[in-house]
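# here is a sequence with its predicted model. Questions after.
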Amino acid sequence: MRQALRIATVLVLAVFSAAPALAQRTDIVVGLVLEPPHLDPTSNAAAAIDEVVYANVFEGLTRFAPDGQIVPGLAESWDVSEDGLVYTFHIAQGVTFHDDSTLTAEDVVFSLDRARGEDSVNAQKFLFDDIESVEASDESTVVVTLARPNGNFPFNMAWGDAVIVAPESADTNTTNPIGTGPFRFESWRQGDSVTLVRNEDYWGEAALLERATFRFISDPTAAFAAMMAEDVDAFPVFPAPETLIQLQSDPRFEVVVGTTEGETILAMNNRREPLDNALVREAIAHAIDRQAVIDGAMFGYGTPIGTHFAPHHPAYVDLTELSAYDPERSRELLAEAGGDDLRLSLALPPPVYARRGGEIIAAQLRAVGIETEIVNVEWAQWLEQVFGNGDFDLTVISHTEPLDIEIYGREDYYFGYGAPEFQEIWDELNRTADPEARNALLGDLQRNISENFVNAYIFQLAKAGVERVELEGLWVNAPTQATDLTKVHWVQ
Amino acid sequence: MVSFVLRRLVSLAVSLAVASVVIFFVLEVLPGDPARFMLGLNASPEALAALRSQLGLDAPVLVRFWDWAGGMMHGDFGISYTYRVPVAELIGARLWVSLPLAIYALALAMLIGIPLGALAASGRDTPVDFGTMGLAQVGIALPNFWFAMLLVLLFSVTLRWFSSGGFPGWEDPGAALAALTLPATALALPQAAILARVMRSSLIDTLDEDYVRTARAKGLSRRQALWRHAFRNGLIPVLTIMGLQFSFLLAGAIIIENVFYLPGLGRLAFQAISSRDLIVVRSVVMILVFAVIVVTFLVDIGYAAIDPRLRRTVR
């Protein structure tokens, strides 16, 4: 098989190198693993929606830059009152929606009120929790008053769930998204592809591509074939990491490895015996050899983490040593906790990091005397049973939302931490605007959960993608789940 | 004949009614809340409740059953939870891929399998027979997704004759047929192998029948008797198999549709199951039940067309 592939590659190369130089291309075909259920980012949690429309079709007041920083979006600038309660956003001039209506401050008020309203089905409604009122003080100024200071507010407004929509089109954005972005929606062939075309009336810097097609290919073998057959130009998150080495050796392609916001953890039910004992949790954390999990389950792609925080963030603290691989220590701790002959259930949702990673973790736990009963669950079942009802001992899961350490403050969250000390630091963080001080507090939060061994922190998911070497401008890292095409272009 | 058709129609309606009850309540016991699935890990309880009431999930079970079953009677399958479009529209679009794919595959299977089976029967116990049946054995043994991968490797990656997958739509029929060619071939090969074997053994059985012996006695050669008299009768078991195969091809193309990322019914069902879009799952299963019942009906009619004796008993 491998030999056949190699021969095939050589043949393809021969054909390719003989072809004359092609004219500059202005279109792109991007491969995505999951198809979005619909195209409205404000009423569904599916990352696949943002992967198509974020920054391309829809824009928010602020936005994520490729390096994860928050930069101006539809709001050219904003002022914050001294007490941190009043945000005044200055909206860019001459912005039109794709249906040619003009963006006004009223549209912003509508969008934020809709997202935080009583019958809102916004999947990240918590982003708007602190808002007390939203008012348009003139055509292009929006004043947002918060109930309590929230230093994260501009960050919250950068999420795909906080994009600005118009009242006329809000209800039909699911099938016909009307935004303000550099691309307008052209067509959706359900089950196959979504096509966007350049918005010639874009208010900002125009896109360099004229047309972009997103194709949905979930099968790893099919994804590989589609790259090799040149049916797809880029696959930002490639579903077949085992073939990356081969693609890398092919001069047509470049393999791009970056990081994501996905902390992959062995979550533990802190409410349930014997996991309510910190010694047992510590023992489990020491039993896991992170690098072995990364190598075995992820073909080496992934960064070990010791806390629930992305290593590329400036506030990241490396705490991996705190729960370093030490099976001896693990056995001692278990003896101390009186936990001989532990039997725990381990729920594994479908993604490979969980199924394959979970098998390896189970073997490592067995080595220190903890037997696990592996239960493979579907995603919907995981959401209901593990996440919704908190009915589990252990589970492997990747938390992919940006800066989501906040979940540890929630008492009713599925792993059940919500310690008061944590909540205190979190509240202080919200009152703090100074970046340095904020980073220090974020560090305290990371230490708090690591030292309490709330969960076992395994690795940060890598973003391993493949693209044509002539392509430039795609994101290397994924500060949010998006395929931002605004700067993408072909070079000779 | 009219009363026969009427009777068949009544039993068809009863089957569908029973199927709808079974399908609805079997899926009802599955764990997994569609609203939770759609809103993900950060959803607040209020947002979940708002979405549930928007989707009509907070209504009592019987009310939901009646809304769904009653709606189907006039062609309204409801609104998909995840896609937020009418289910009938979704299924309709997918049928335009799956139905032609199944027909294409079945036609290919017939074109390859039936002549090969007849060839093997007419050259019984000769190297031609052994050769064809050996190939058929291989065809049955190898899974069709593996064939599919080989086809992609050869015709898409190496030769670049066909794209590796996807579907351009029927606006350009040529391109659409081209896109369906590799998947249809991959689906057809194992089916062709089965057809060839059934055709061969059925023909050989028929050759032992009295009327064939009579034909031979009248002076026809073995080969002439086979083609003129035995062939038509030999087709009856083949037809039964084809009826089964068609349902299988329509429902069972999920893997092939994934390998070629085709927007077909199988892939829709797959996506809907994993996202707990139960209204879509239910409706797809209903459509498949309907298809199986209709195909069985057509096969019955087909028997009658081939064999006048069966036509009399049918009447």
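Perfect, I can see it now. Numbering: from 1, shown residues only, chains lettered A, B, ... in the order given.
# contacts only, for the closest residue to chain B within the stretch 151-300 of chain A.
Nearest residue of the stretch 151-300 of chain A to chain B: A:G191, at 2.6 Å (Cβ to the nearest Cβ). From N, CA and C alone the C-beta is placed, and that goes for glycine too. A:G191 makes contact with A:35, A:216, B:93-94, B:97, B:167, B:262-264, B:267-268, B:271, according to Cβ atoms under 8 Å, 6 or more residues apart in numbering or on different chains.
# quick one: mean pLDDT for stretch B:6-21?
Average pLDDT, stretch B:6-21: 83.
# so which bits of that stretch are buried?
B:16, B:19-20 (16 or more other Cβ atoms under 10 Å in any protein chain shown).
# how far does it sit from its chain's centre?
The chain centre lies 20 Å from the centre of stretch B:6-21; the measure is Cα atoms, centre = their mean, to the nearest Å.
# per-residue confidence for the residue of the stretch 151-300 of chain A closest to chain B?
The model reports A:G191 with a pLDDT of 87.
# pretty sure it is in a helix, no?
No. A:G191: not assigned to a helix; according to DSSP: H, G, I helix; E, B strand; the rest coil it is coil.
# now it: phi and psi?
Phi and psi for A:G191, reported as degrees, to the nearest 10, are phi 80, psi -10.
# quick check: it vs B:S44, distance?
31 Å (Cβ to Cβ, to the nearest Å).
# over to B:Q245?
For B:Q245, the distance to B:S44 equals 50 Å [Cβ to Cβ].
# cool, and A:I265?
In terms of Cβ to Cβ, A:I265 sits 22 Å off from B:S44.
# same question for B:L62.
Counting by Cβ to Cβ - B:L62 and B:S44 are separated by 30 Å.
# between these two, who's got more neighbours?
B:S44 (16 against 8; other Cβ atoms under 10 Å in any protein chain shown).
# verify the stated contact: A:L474 with A:P236.
Yes. The pair A:L474 / A:P236 is scored as a contact, 6.3 Å apart, by Cβ atoms under 8 Å.
# low-scoring stretches of the stretch 1-150 of chain B, by residue?
Applying pLDDT under 70 to the stretch 1-150 of chain B flags the ranges B:1-5.
# for it, which residues are neighbours of chain A?
B:31-34, B:36-44, B:46-47, B:50-51, B:54, B:82-85, B:90, B:93-94, B:97, B:149 (Cβ under 8 Å from any Cβ of the partner chain).
# list only those of these flagged as buried.
Listed as buried from these are B:32-34, B:36-44, B:47, B:50-51, B:54, B:82-84, B:90, B:93-94, B:97, B:149; burial here means 16+ other Cβ under 10 Å.
# and the closest residue to B:W161 other than its chain neighbours, how many residues sit next to it?
Take B:W161 and drop its neighbours on the chain: the residue closest to it by Cβ to Cβ, 6 or more residues apart in numbering or on different chains is B:F155, 4.9 Å away. For B:F155, the tally of surrounding residues (other Cβ under 10 Å) stands at 18.
# tell me who's in contact with B:F155.
By Cβ under 8 Å, 6+ apart, the contact set of B:F155 is B:161-162, B:182.
# and it, how far is that from B:G165?
12 Å.
# again, but for B:L239
Here B:L239 is placed at a distance of 32 Å from B:G165 (Cβ to Cβ).
# gap between the host helix or strand of B:S247 and the chain center?
Secondary structure assignment for B:S247, by DSSP states H and E: helix B:231-251. Centroid separation for helix B:231-251 versus its chain: 11 Å, with Cα atoms, centre = their mean.
# does that helix come close to chain A?
No. For helix B:231-251, no contact with chain A is found by Cβ under 8 Å from any Cβ; the gap never falls below 15.8 Å.
# isn't A:I449 up against A:I407?
No. Counting by Cβ under 8 Å, A:I449 does not reach A:I407; the two are 10.0 Å apart.
# who has more neighbours, these two?
Applying other Cβ under 10 Å to A:I449 and A:I407 shows that A:I449 carries more neighbours, namely 22 against 18.
# so what's the backbone phi/psi at the more buried one?
phi -80, psi -30.
# just A:Y301 next, same as before
Backbone dihedrals for A:Y301, given as degrees, to the nearest 10, come out at phi -90, psi 120.
# what's the closest non-adjacent residue to it?
A:A462 (3.8 Å).
# try A:G418
A:E411 (3.2 Å).
# just give the closest residue to A:N448, not the sequence neighbours.
A:F422 (5.2 Å).
# swap in A:Y202?
A:P182 (4.6 Å).
# one more: B:L220?
B:R228 (7.0 Å).
# that neighbour: how many residues sit nearby?
12.
# ok, which stretches of the stretch 51-200 of chain A are helices?
Here the stretch 51-200 of chain A has its helices, by DSSP state H, counting those that start in this stretch, at A:105-116, A:153-156.
# what about B:L239 and B:G165, which has more around it?
Between B:L239 and B:G165, counted using other Cβ under 10 Å, B:G165 has the larger neighbour count: 28 against 18.
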